[in-house]
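1. A structural model of the following input is requested.
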Amino acid sequence: MTQYGFYFDSSRCTGCKTCELVCKDYHDLGPEILFRRVYDYEGGTWEKTDEGAWNAAAFNYHVAVSCNHCDEPACVANCPTGAMQKDEETGLVNTDPQVCIGCGTCRNSCPYDAPRIDANSKVSRKCDGCLAHVREGMEPLCVGACPLRALEFGPIEDLREKHGDLAQIPPLPEPTTLPNLVIGSCQAVDSDIYDLDQGYVANPLEVE
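-> Below you'll find the predicted structure:
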């Protein structure tokens, strides 16, 4: 099996949410469901120097995240019916609506809050990495739609060799499920400069 995953470059992301919208259009998602979510994360302050000037000790950046198609997906491990499954060819995690009972165990188990319960169909829905496209040799819609090319998709080992292996920045949780995600670092997310733990999600209603 070739395990596929995502690379996200926060230094390129402007928070435009084009990735969210193309995903909603392709999957015909209602207003209450997002498969890919863009977190606006900010914190810090401005500090006045002895000379009366102001130095920026504030930061803000965006994090676009969907299902991370983990090596040890909690949704698959905890699904009581086996509706959540990991594709044997690509490693992408998807759900079988014919087996799902809409209990919400997958969403409660996932540290990334990726699965969502569709109020109309009463089943769990989530990012499947555009599995049908990937099987045809294409990339997920969100990747191709990003105007700043902040997203890449491919075999995770190739992405890690090219970009490193960073898989967590606030507000993302610790990578306990071994997510197939690589995050590009930049000055705005440099923990040696800023205290990122003092930040907060500035758009909670958009990503809940």
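2. quick one, what contacts the residue nearest to Val76 when sequence neighbours are not counted?
-> Using Cβ to Cβ, 6 or more residues apart in numbering and skipping residues adjacent in sequence, the residue nearest Val76 is Met84, 4.5 Å away. C-beta here means a position set from N, CA and C on the backbone, and glycine is covered the same way. Going by Cβ atoms under 8 Å, 6 or more residues apart in numbering, Met84 touches 73, 75-76, 93-95, 106, 115, 124.
3. let's see it at 6 Å
-> The contact partners of Met84, taken as Cβ atoms under 6 Å, 6 or more residues apart in numbering, are 75-76, 95, 106.
4. if we take those, which one ends up nearest to Glu208?
-> Cys106 (17.0 Å; Cβ to Cβ).
5. list the buried ones in the strand or helix carrying that closest one?
-> Using DSSP states H and E, Cys106 sits within helix 105-109. Of the residues in helix 105-109, 105-107, 109 count as buried by neighbour count, 16 or more other Cβ atoms under 10 Å.
6. Output the below-cut-off pLDDT ranges for this protein.
-> 186-188, 190-192 (pLDDT under 70).
7. following the biggest helix by length in the chain, which helix or strand shows up next?
-> Longest helix of the chain, by residue count under DSSP state H: helix 18-27. Counting by DSSP H and E, the next helix or strand C-terminal to helix 18-27 is strand 37-43.
8. same for that next one, what does it pack against?
-> Applying 3 or more Cβ pairs under 6 Å, 6 or more residues apart in numbering; DSSP states H and E, one finds that strand 37-43 makes contact with strand 59-65.
9. so what secondary structure elements neighbour the strand it packs on?
-> Using 3+ Cβ pairs under 6 Å, 6+ apart: strand 59-65 touches strand 37-43.
10. who touches the strand it packs on?
-> Contacts for strand 37-43 (Cβ under 6 Å, 6+ apart): 15, 17, 60-64, 171, 198-199, 201-203, 207.
11. List the neighbouring strands of that strand plus their orientation.
-> strand 59-65 (antiparallel), strand 200-201 (antiparallel) (DSSP bridges).
12. Would you reformat those as a markdown table and include mean neighbour count and distance to Ala150?
-> Below are the strands paired with strand 37-43 laid out as a markdown table (neighbours: other Cβ atoms under 10 Å; distance: least, Cβ to Cβ, whole Å):
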| stretch | mean neighbour count | distance to Ala150 |
| --- | --- | --- |
| strand 59-65 | 20 | 7 |
| strand 200-201 | 14 | 18 |
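13. among those, which is nearest Gly137?
-> strand 59-65 (23.4 Å).
14. how about the nearest residue to Gly164, chain neighbours excluded?
-> Gly164 sits nearest to Val182 (Cβ to Cβ, 6+ apart), 6.6 Å away.
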